[in-house]
Structure formats: C-alpha cells, structure tokens
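In: Here's a sequence, model it:
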Amino acid sequence: MWKQLIKRVGITSFVLCFGIQVMLAQQSTLGEGFFTPNTKDVAVLYLYDTPNSKAGSQERAIDSITFTKRHGNYVDGIGYAPKGFEPFNEKLDYGIFIMRVKRLGVDYTEIVINESTGTTAYVHTYSGNFMSWGQFMLNCHSVEFIDKNQKVYDHPMVKSAGRIITPAYFKPRYVMGDWMEVEILADDYNTVKGKCWIRWKKDGKLLINYNLFA
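Out: Numbers count the residues shown, from 1 in each chain. As a prediction, the model looks like this:
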C-alpha cells in the first residue's frame with residue numbers, strides 16, 4: 001500500500017532511502033484502526049462534535065481540514081487544519097495521511113486529531129477509508145520488539161517453545177488476533193533468516209515498534 005502510494009507521487013527511490021519509523025509504544029489504547037481521508041474526491045474534510053446520527057438530521061461542522069496541490073495534480077499538503085492538529089501520521093507529499101480511529105461508526109467516525117492530548121472529533125465515515133491495525137501492520141516494511149527479551153514462537157499456541165533471537169527484526173506476513181506470523185530478518189532488514197510467530201499487542205497496547213519504509 002505505502003509503495004503504491006509513493007509511486008503515485010513519483011518519489012519512490014527517495015523515500016526508500018529515507019527511513020521513517022513510527023512508534024506508539026506508550027499509547028494507552030490503540031483504538032479501532034485508522035481513517036484515511038479520500039483526498040481525490042474530498043476537497044474539505046469537515047469535523048463534527050458528537051453527532052447524533054439520526055436519520056434526516058443536519059449536523060453543523062465545528063471545524064475542517066483542507067488540502068492543497070502544491071507541485072502537481074495530486075494532493076500533497078494541508079492548506080488548513082485546526083490549531084493543535086497532530087494526526088498519527090501526515091506526509092501527503094508521500095501519499096500518507098492517517099488518523100487513529102477511536103470509534104468506528106455507520107454515519108460518523110470518531111478520530112484522534114491530537115495524539116499528544118487525545119483530542120477527538122467526528123468525520124463523515126464515507127469521506128474516507130478505514131484501515132484496521134492488522135492491515136496497517138501488513139503494509140509496514142518491518143517491525144521489531146520494544147523489549148529485546150521478548151520471545152518468538154514456532155506457533156502461538158505452544159508458548160513453552162519460545163526463544164529469544166537477535167536481532168529481533170521481522171517482516172509481517174499474517175495477523176491473527178494478538179499474534180503475528182513473521183519472517184525473521186537479518187541486520188540489513190531485508191535478508192530472510194526464517195519464520196516464527198510473535199505477540200504484537202497485549203491488553204490493547206503495542207509490544208512492537210514498526211517501520212513504514214526501509
């Protein structure tokens with residue numbers, strides 16, 4: 001997904017050489033996943049305050065986010081955003097703009113608009129796309145343990161067979177609940193040394209750091 005987005009803006013080689021690591025180790029709750037505005041069709045993303053979502057109701061926006069096309073015919077920047085706007089990740093010039101979802105709804109979805117304070121607002125659900133945490137992880141280049149003493153397993157249901165490996169770098173392949181089947185990577189983050197299972201979250205908290213790109 002990320003590579004496809006990057007190719008769309010024509011800067012693949014630059015981004016693959018520029019490592020971007022995103023961490024949420026201290027986040028108290030992961031939420032449901034991520035919301036990505038549909039910038040192709042939505043020029044303005046309207047923000048709402050606790051909508052009632054009743055049929056026929058007309059909600060009034062409390063603020064908005066606008067998008068700009070600075071260097072081509074695609075959106076590559078934010079024109080306006082509320083004061084203190086701090087999304088999960090915004091690099092529209094790389095084709096990336098994701099905000100964490102606290103509550104996923106039929107008509108309106110509650111998103112986090114400031115990751116430091118936890119401030120939220122609502123957006124129309126149809127004004128963007130939803131991506132689960134599992135989908136997000138599968139689109140990352142690699143992941144690694146926060147605690148270097150965390151064990152890997154041949155199977156998530158056989159925890160007694162766990163072992164510690166170094167380096168603890170992995171390529172996600174499958175996600176199943178709190179567990180993830182991964183390829184074990186060497187120091188170069190590319191050479192595959194084998195496969196195993198790791199626990200990537202527990203009690204709503206991440207156990208891994210993750211890298212969007214190489």
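In: Tell me the bridge partners for Ser142.
Out: Listed by DSSP bridges, the beta-bridge partners for Ser142 are Asn211.
In: Can you give me every residue that contacts the nearest residue to Lys202 once chain neighbours are set aside?
Out: Spatial nearest neighbour of Lys202, chain neighbours left out: Asp178 (6.0 Å); criterion: Cβ to Cβ, 6 or more residues apart in numbering. Every residue, glycine included, has its C-beta placed from N, CA and C. Residues near Asp178 by Cβ atoms under 8 Å, 6 or more residues apart in numbering: 199-202.
In: Any chance of these in CSV with secondary structure, pLDDT and neighbour count as columns?
Out: Below are the contacts of Asp178 laid out as CSV (DSSP: H, G, I helix; E, B strand; the rest coil; pLDDT from 0 to 100; neighbours: other Cβ atoms under 10 Å):
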residue, secondary structure, pLDDT, neighbour count
Arg199, strand, 95, 19
Trp200, coil, 96, 22
Lys201, strand, 95, 17
Lys202, strand, 93, 9
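In: between those, which is closest to Pro87?
Out: Checking these against Pro87 by Cβ to Cβ gives Lys201 as the nearest, at 20.9 Å.
In: Would you mind giving the domain segments of the protein?
Out: 31-136, 141-211 (automatic domain parsing).
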